[in-house]
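Trainee: got a sequence here, can you model it:
(one chain, ligands or ions: 1)
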Amino acid sequence: MEMVDLKMTMRSKGWKIMVGLALVAILLVATRSWGVRNGAERDRGAEKITNLPAKEYRWGVMADIHLDWENLERALELAKKRGQEMVIVAGDLTSVGTEEELGQAKAVLDRLGIKYLVVPGNHDLWAGERAKVDIFGKVFGEKYGAVKMGEIKLILVNNGSSRGLGEEQKAWLWQELGECQKIRCVVVMHMPIKHSFSEHVMGEDSQQVTGEAQELWAKLKSSGVKEIITGHLHYASSYEIEGIRTYVVGAVTSERNNQTPRFIEFVSDGEKMRGEILVLEEQ
Ligand SMILES: [Zn+2]
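Mentor: Numbers count the residues shown, from 1 in each chain. Alright, predicted model coming up:
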């Protein structure tokens, strides 16, 4: 009997349901959330989180591991010891981004049991782009997304591809940036957009991507973004250009590193955010 009633209700209210479904679809697109993976709870699958409660957060951003799993493990152990609630890996975990390499990275991250998010670097996308297969997506899931950490919104961007951001990501990103006048937004991505002397920035190999990098920079500025966090340069530093502070987190790998292995720890609440370089101790 209940089934019949439901059917009748659905028919008479069909248009309302259609409008409702359309609204749900719009909301799903608008609030694309990020699955924070917690290694310790991996059996329950990726934990979908959007809003973490307002308080002070301690979190880490590391990059450029380039297959140095020993140092990745040490960096994650240090992050845990420091009480970091989450680690963001800002790309270049691998050398060429095969499924085997990316799988090894994921295994280390899962084993250490700290919440983490990953965006790809240029090295992590090579094999997939060559084979026209989304290998990174297969291993890690989403390549970009946003998550609120208390009163800060972290926007994780995939700018590692030699082909640029892509129209789909751009449409999503412009929408996410729309909120940044109201909430403090911090953008994390693999490549810096600007640097006062290094040419290793987004678009270094392509004029088309250089144009996109300029567009992205202008959009971040007009949206009120004041902080971006990147990897790629293998040299930890922090500098301000046109009112935007860029934190380059340095490299975790011990090879081809302009410094000793390190990453940056951030402590943030809605008002302030400070970064501290954590150097991995010599073994
Ligand atoms: Zn890189």
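Trainee: M191 - how many residues pack around it?
Mentor: M191 has 26 neighbours, counted by other Cβ atoms under 10 Å. Every C-beta, even on glycine, is put in place using the N, C-alpha and C of the backbone.
Trainee: now swap in P53 and tell me
Mentor: 9.
Trainee: my read is that it contacts G150, right?
Mentor: Yes: counting by Cβ atoms under 8 Å, P53 touches G150, with 6.5 Å between them.
Trainee: in the protein, which residue is closest to the centre?
Mentor: L156 (3.2 Å; Cα atoms, centre = their mean).
Trainee: what pairs with that residue across the strands?
Mentor: The partner list for L156 in beta bridges (DSSP bridges) reads G145, V188.
Trainee: ok, it to Y144 distance?
Mentor: Separation of L156 from Y144 (Cβ to Cβ, to the nearest Å) stands at 6 Å.
Trainee: who touches both of those two?
Mentor: Residues touching both L156 and Y144 (Cβ atoms under 8 Å, 6 or more residues apart in numbering) are V119.
Trainee: now the helices for the chain?
Mentor: For the chain, helices defined by DSSP state H occupy the ranges 2-12, 14-30, 69-81, 99-112, 122-131, 135-140, 167-177, 207-223.
Trainee: so which of the ones you listed gets nearest the ion?
Mentor: Among the helices of the chain, helix 122-131 comes nearest to the ion, with 4.6 Å by Cβ to the ion.
Trainee: work out the gap between that closest one and the centre of the chain.
Mentor: 18 Å (Cα atoms, centre = their mean, to the nearest Å).
Trainee: give the buried residues for it.
Mentor: N122, H123, D124, L125, W126, A127, G128, E129 (16 or more other Cβ atoms under 10 Å).
Trainee: and G203, how many neighbours does it have?
Mentor: Neighbour count for G203, taken as other Cβ under 10 Å: 20.
Trainee: residues near the residue nearest to it when sequence neighbours are not counted, how many?
Mentor: Of all residues not flanking G203 in the chain, T210 sits nearest, at 3.3 Å (Cβ to Cβ, 6 or more residues apart in numbering). When neighbours are defined as other Cβ under 10 Å, T210 has 15 of them.
Trainee: tell me the contacts of T210?
Mentor: T210 neighbours (Cβ under 8 Å, 6+ apart): M202, G203, E204.
Trainee: I'd like these as JSON lines, with pLDDT appended.
Mentor: What follows is the contacts of T210, written out as JSON lines (pLDDT from 0 to 100):
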{"residue": "M202", "pLDDT": "95"}
{"residue": "G203", "pLDDT": "92"}
{"residue": "E204", "pLDDT": "90"}
